[in-house]
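Colleague: this is the structure alone, sequence omitted:
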Ligand SMILES: [Fe+2]
Ligand SMILES: [Fe+2]
């Protein structure tokens, strides 16, 4: 699943984050079977930009937490529980996302940090406590569902094409 042209344009508008060297490494970290963590974060941030006026939340804040919520350099497919004291990825990656964001110089106020920490709700150490937090957990789940479904749809299409090719080969051809 590739980024749409609208998502790519949107990412370019927030280049202070999306062009950051460490942040760009998220492109190498797969997510939801069909995408990578960079593209996933851009999609979540784009969804947040639409939700912000509906929830009466500051758009810049909404986009920022969308972009930074999964800023963790661990590929959960390869997580052997040897690091992070054996903790599950869903519990530690929001904490690490905030740490990485701050170490790269991105300022997050306490509401933004809490929104990121709780975005995996109910599989989280804390619950959302603000409109920003509920927006983020909703946008993240919506995008994650679409990305996971896209993979299933592509697999179905691939299987269908293979099956169709096999069927055509089995049919007698009249000249
Ligand atoms: Fe996450
Ligand atoms: Fe996410």
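Modeller: Sure thing, it's come through. Since this is a predicted model, take the numbers as computed values, not measurements. Ligands and ions are numbered 1, 2, ... in the order given.
Colleague: report pLDDT for the residue nearest to residue 129 when sequence neighbours are not counted.
Modeller: Once flanking residues are discounted, residue 129 sits nearest to residue 114: 5.6 Å by Cβ to Cβ, 6 or more residues apart in numbering. C-beta: built from backbone N, CA, C; applies to glycine. Listed pLDDT for residue 114 reads 98.
Colleague: can you check residue 170 too?
Modeller: For residue 170, the model assigns a pLDDT of 55.
Colleague: which residues in this structure form helices?
Modeller: Under the criterion DSSP state H, helices of the chain are mapped to 5-13, 15-18, 21-24, 37-55, 59-68, 89-103, 110-117, 131-170.
Colleague: right, so the ones you listed: which one is the most enclosed?
Modeller: Stretch with highest mean neighbour count among the helices of the chain: helix 59-68 (a mean of 23; mean count of other Cβ atoms under 10 Å).
Colleague: quick one: check it for contact with ligand 2.
Modeller: No - with Cβ under 5 Å from the ion as the criterion, ligand 2 is not reached by helix 59-68; the gap is at least 8.7 Å.
Colleague: quick check, central residue of this protein?
Modeller: residue 40 (3.1 Å; Cα atoms, centre = their mean).
Colleague: isn't it up against residue 32?
Modeller: Yes - in this structure, residue 40 is within contact of residue 32 by Cβ atoms under 8 Å, at 6.7 Å.
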